[in-house]
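**Q** Model the following, please.
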Amino acid sequence: MKNLLKPLTLFALVLSLVISTGVTAAPSKILFGSCGHQDKKIPIFNAINKEKGDLFIFLGDNIYGDTNDMDVLADKYQRLGAKPGFKTLKAQTPIIAMWDDHDYGQNDAGKEYPHKEQSRQIMLNFWGEPANSARRTRSDGIYTSYMYGENEQTIQVIMPDLRWNRDALNHVGELEYYTKRKLNNQGPYSPSEVKGASMLGEAQWQWLEQELKKPAAIKLIASSLQLLPDFTGWESWANFPEDRNRLFALIKKHKVNGVVIISGDTHWGEISKYQQNLDYPLIEMTSSGLTEKWKDVSPNKHRVGNFTHSVNYGDLSIDWQQTDPTISLKLKGIDGQVIMQSDFSLSSISPYK
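**A** Residues are numbered from 1 along each chain as shown. Presented below is the predicted three-dimensional model:
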């Protein structure tokens, strides 16, 4: 009898984890953020917890690991986990998470990072990923998706892994950086000129194409890096133009309705809008950071309105009660006040029949 109890207890524990992190009905309020330093106070959690969102998405740089020592990396996750605001969030709100470079292991790291397998397990353990999850064993990254709701009220959250397979970045020379880029608040990177260079890798692309073909009213692409801005000189999809163009082409090819993008990484917040050679406008809200701020905001010709370099989090709310649901994207500050906002109807981003 004693031996029987152990597997039953383990099963109950796993089942409770699945239940506690699951969302069955289509969420009406999805909160999200990125770039929170585990060694700093994170008072913005107070405003986030007052919202009582249906889901919270951590978009990456959820800690600043930046190490080759896996004990150090694990300890930094525990420092985040010990914060009262995080404990409250975890207790009351389902959470899903993707990594970016700092929680992957090193600043601006890609496929060359030598400890990515150990880092993966540490990360997934912290976020309560089930032991049998494909994210733990897949050979090319921790990308994943979630489907919430049913019938006409469905949201699919697609979370690509932009680290595990990422090819080398294209750097400008030091002279050009200091004489041109830095003066224009731009970083040291340029679009790759290598044919086939990718952040995702081919296997992940095949997966992503199948995910895009699944029926859902809203397709929320949760990207750890900015997707729509053409060029900042920092890390973004624009540094891998074949990836970016391939995504746009797949949206058109498969007549994918309802795509909305959220992103992190930048240490500033903004809204971008893009419709070049597309059948409807793509809208992206960048929320960064929960603690981190960057004063030298880069140019972005697709930016709608102004930017903020104050700490912030994102709020994607959907009014499912309307015949044509309204989608509201808000960027909110440390006290929960709205800094910027974009409202649009679901039909405005769903041209395909």
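**Q** Only C-alpha atoms from now on, for both contacts and neighbour counts.
**A** Fine.
**Q** Stretch 76-94 - what's its average pLDDT?
**A** Averaging pLDDT along stretch 76-94 gives 98.
**Q** And the contacts of it?
**A** Identification of contacts with stretch 76-94 by C-alpha atoms under 8 Å, 6 or more residues apart in numbering yields 20-23, 37-39, 42-43, 45-46, 48-49, 52-56, 63-65, 123, 126.
**Q** can you map out the helices along the chain?
**A** 2-21, 44-51, 70-81, 84-92, 101-104, 116-126, 174-176, 202-213, 241-253 (DSSP state H).
**Q** so Asp66 sits right up against Asp103, yeah?
**A** Yes - look at Asp66 against Asp103 with C-alpha atoms under 8 Å: they come within range, at 7.1 Å.
**Q** Comparing the two, which shows the higher neighbour count?
**A** Asp103 (25 against 18; other C-alpha atoms under 10 Å).
**Q** give the contact list for that one.
**A** By C-alpha under 8 Å, 6+ apart, the neighbours of Asp103 are 60-66, 73, 123.
**Q** Would you write out the ChimeraX command that picks the buried residues out of these?
**A** A single ChimeraX command suffices to select whichever of these are buried according to 16 or more other C-alpha atoms under 10 Å:
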select :60,61,62,63,64,65,66,73,123
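**Q** remind me which residues of this protein are low pLDDT?
**A** The chain contains residues with pLDDT under 70 at 1-22.
**Q** center of it - which residue?
**A** Leu59 (3.1 Å; C-alpha atoms, centre = their mean).
**Q** any idea how far that one is from Gly128?
**A** For Leu59, the distance to Gly128 (C-alpha to C-alpha, to the nearest Å) stands at 16 Å.
**Q** And Ser272, by the same measure?
**A** 32 Å.
**Q** Who has more neighbours out of the two?
**A** Ser272 (22 against 15).
**Q** how about the strands in the stretch 101-250 of the chain?
**A** 144-150, 153-159, 170-171, 189-190, 218-223 (DSSP state E, counting those that start in this stretch).
**Q** Can you report how many residues lie near Asn151?
**A** 9.
**Q** I meant Gln337, not that one.
**A** 12.
**Q** Compute the distance between it and Ser310, please.
**A** 12 Å.
**Q** Equivalent analysis for Gly187, please.
**A** 20 Å.
**Q** swap in Ala91?
**A** Ala91 is 27 Å from Ser310, by C-alpha to C-alpha.
**Q** out of the two, which sits in the busier spot?
**A** Ser310 (20 against 12).
**Q** Quick check: closest non-adjacent residue to the more buried one.
**A** Lys293 (6.2 Å; C-alpha to C-alpha, 6 or more residues apart in numbering).
**Q** for Ser190, same thing?
**A** Leaving aside its sequence neighbours, Ser190 is closest to Asn170 (5.4 Å, by C-alpha to C-alpha, 6+ apart).
**Q** Good, we can wrap up now.
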